[in-house]
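**Student:** sequence plus the predicted model coming up.
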Amino acid sequence: MKTKKNFHSFPFKLWSLVLLSLPVCLPSQNNFQKNFQKNDSDYVEFSGKIVDVKNGDVLPFATLSVEGSNITTVSNSEGEFSLKIPKEFQDKTLTVSYIGYKNRILKISELKQENSRITLEPMIVSLPEINVISTDAENLVLSVLENRYKNYPEEELLMTAFYRETIKKNRSYVSLSEAIVDILKQPYSSFRQDQAELYKSRKQSDYKKMDTLVFKLMGGPYNSLYMDVMKNPDYLFTESILDNYEFSFDRTTYIDHQLIYIVNFKQRPFVNIPLYYGKLYIDAESLALRSAIFHLDLTDKEKSASMLIRKKPLNAKVFLTNASYRMDYIEKNGKWYYNYSRIELDFKIDWKRKLFNSNYYTVVEMAVTNWEKATEEKKLKNKLRPTVIIADEASGFSDPEFWGSYNVIEPEKPIESAIKKIQKQLEKRK
């Protein structure tokens, strides 16, 4: 019989300060240049949208990868993408993949640079019945955990990633932060924690719209790294805490012609602390976790809020109204790599002696856009602390070429509009 273990929640702390008039500033850009940085004129940028070929529905968080390289990106929640490809790869192909669809392989030389409409075809196959799987759902999850050292990298990697965090109050964006991040990714068999370093960042906040309250998201890119549930299984489930969950098989699906098992999980009725519920997408051949999409159970409002709120005003109650998480991996040469993560946290502020409540919506996402084997000379020199708050650097928003040759997640339309408003505000200050 398994031993019960206290559950460790994800260490995401939304740090709120009262009557803060100026942002907390930390160094926002280090002074070194990457050894493998490309000259801005050595790439071609492509942008467009990924949709279902039959009904035109957008396909959010689809993966795009360049043949012969580790260059990848993902489409945003509206199916839109932006991808900068070095000219040396113009004769290669681009693979677009999405769960439940056939892969689409395109010649990069034939892509339109703007407004490309990439269509994917749904997989129409006879799906095997659940009973052909020769195990129960919980044992399948155990097999995934047992095989993680085999399926995930065993060497240190230096990854380049694009990080974005946004905070909205009601319908208006009050804080936007973006960064290019260097990540020293530790082997999955190692207990050493992943490390991060800011290469370039920009941030702008409008504190006038935040009542007397300012939200500060502590941890920056570390929040996204903690989402790697194969590197940090203690934060979701390990063998010793599986008894806290119920597992069941959902339908099966495919990515291209690869069979994917879908396992549902939720906390058992006797568990009296907030845990998670959601779906695991497991590659049938390798038993590797391909994606995890899950949510925090908010039945107990006070306990769930206490898991994420570090500090709050005395004259207000703060409740979580949504806590959603997504983690995607990508396969390359038989190993599965961190690809994309997204965190969505929604809060309601119930003020004493105020007629109306305030609602805040936070999105944190990070996409790995390239990686290589870490060498001694390429290791990080100015590591961020896990308690970091991404620094303010408003000047970046006035420069349309701020990111240069680095790949980013295409912003959703409301974020794009917010950036344009910030640019106009900065122009007025000149």
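**Tutor:** Done, it's in. Since the model is a prediction, treat every value here as computed from it, not as a measurement.
**Student:** quick one: the residue lying farthest from the centre of the chain from residue 309, how far?
**Tutor:** In the chain, the greatest distance from the average C-alpha position (Cα atoms, centre = their mean) is reached by residue 353, at 37.6 Å. For residue 353, the distance to residue 309 equals 21 Å [Cβ to Cβ, to the nearest Å]. Every residue, glycine included, has its C-beta placed from N, CA and C.
**Student:** picking that back up, please give me every residue in contact with the nearest residue to the residue farthest from the centre of the chain once chain neighbours are set aside.
**Tutor:** Excluding its sequence neighbours, the residue lying closest to residue 353 (Cβ to Cβ, 6 or more residues apart in numbering) is residue 315, at 7.4 Å. Residue 315 makes contact with 351-353, according to Cβ atoms under 8 Å, 6 or more residues apart in numbering.
**Student:** nearest to residue 59 among those?
**Tutor:** Each of the contacts of residue 315 was checked against residue 59 using Cβ to Cβ; the closest is residue 351, at 40.1 Å.
**Student:** for that closest one, give me its contacts.
**Tutor:** Contact analysis of residue 351 by Cβ under 8 Å, 6+ apart lists 211, 315-316, 357-358.
**Student:** kindly reformat the residues you listed as a markdown table containing secondary structure.
**Tutor:** Converted to a markdown table, these look like this (DSSP: H, G, I helix; E, B strand; the rest coil):
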| residue | secondary structure |
| --- | --- |
| 211 | coil |
| 315 | coil |
| 316 | strand |
| 357 | coil |
| 358 | strand |
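**Student:** what's the lowest-pLDDT member of these?
**Tutor:** Least confident of those in the model: residue 211, at 56.
**Student:** now the strands for the stretch 1-150 of the chain?
**Tutor:** Ranges of strands in the stretch 1-150 of the chain, per DSSP state E, counting those that start in this stretch, are 13-18, 43-52, 63-66, 72-74, 80-86, 93-97, 104-107, 116-120.
**Student:** tell me which of the ones you listed is the most buried.
**Tutor:** When neighbours are counted by mean count of other Cβ atoms under 10 Å, the highest per-stretch mean among the strands of the stretch 1-150 of the chain falls to strand 72-74, a mean of 24.
**Student:** report the mean per-residue pLDDT for that one.
**Tutor:** The predicted model assigns strand 72-74 a mean pLDDT of 94.
**Student:** partners of it in the sheet?
**Tutor:** Note on strand 72-74: by DSSP bridges, its sheet partners are strand 63-66 (antiparallel).
**Student:** please state the offset of the strand it pairs with from the chain centre?
**Tutor:** Mean-position distance between strand 63-66 and its chain equals 16 Å (Cα atoms, centre = their mean, to the nearest Å).
**Student:** list the contacts for residue 316?
**Tutor:** Residues in contact with residue 316, defined by Cβ under 8 Å, 6+ apart, are 213, 349-352.
**Student:** tell me which of those residues is nearest to residue 259?
**Tutor:** The nearest one, if we look at the contacts of residue 316 relative to residue 259 and count by Cβ to Cβ, is residue 349, at 45.6 Å.
**Student:** hey, what's that closest one bridged with?
**Tutor:** residue 318, residue 358.
**Student:** how about low-confidence regions in the stretch 251-400 of the chain?
**Tutor:** Under the criterion pLDDT under 70, the flagged ranges of the stretch 251-400 of the chain are 377, 390-400.
**Student:** for the chain, which segments count as helices?
**Tutor:** Taking DSSP state H as the test, the helices found in the chain are 137-146, 148-151, 221-226, 301-306, 413-429.
**Student:** give me the most central residue, the chain.
**Tutor:** The centre of the chain sits closest to residue 341, judged by Cα atoms, centre = their mean, with a distance of 1.9 Å.
**Student:** ok, that residue touching residue 227?
**Tutor:** Yes. Contact between residue 341 and residue 227 holds when scored by Cβ atoms under 8 Å: they sit 3.9 Å apart.
**Student:** find residues that contact each of those two.
**Tutor:** If you check residue 341 and residue 227 against Cβ under 8 Å, 6+ apart, the residues they both contact are 325, 327.
**Student:** pull out the buried positions in stretch 257-275.
**Tutor:** Of all the residues in stretch 257-275, those buried under the rule 16 or more other Cβ atoms under 10 Å are 258, 260-267, 271, 274-275.
**Student:** for stretch 154-173, same thing?
**Tutor:** Of the residues in stretch 154-173, those buried under the neighbour-count criterion (16+ other Cβ under 10 Å) are 156-169, 173.
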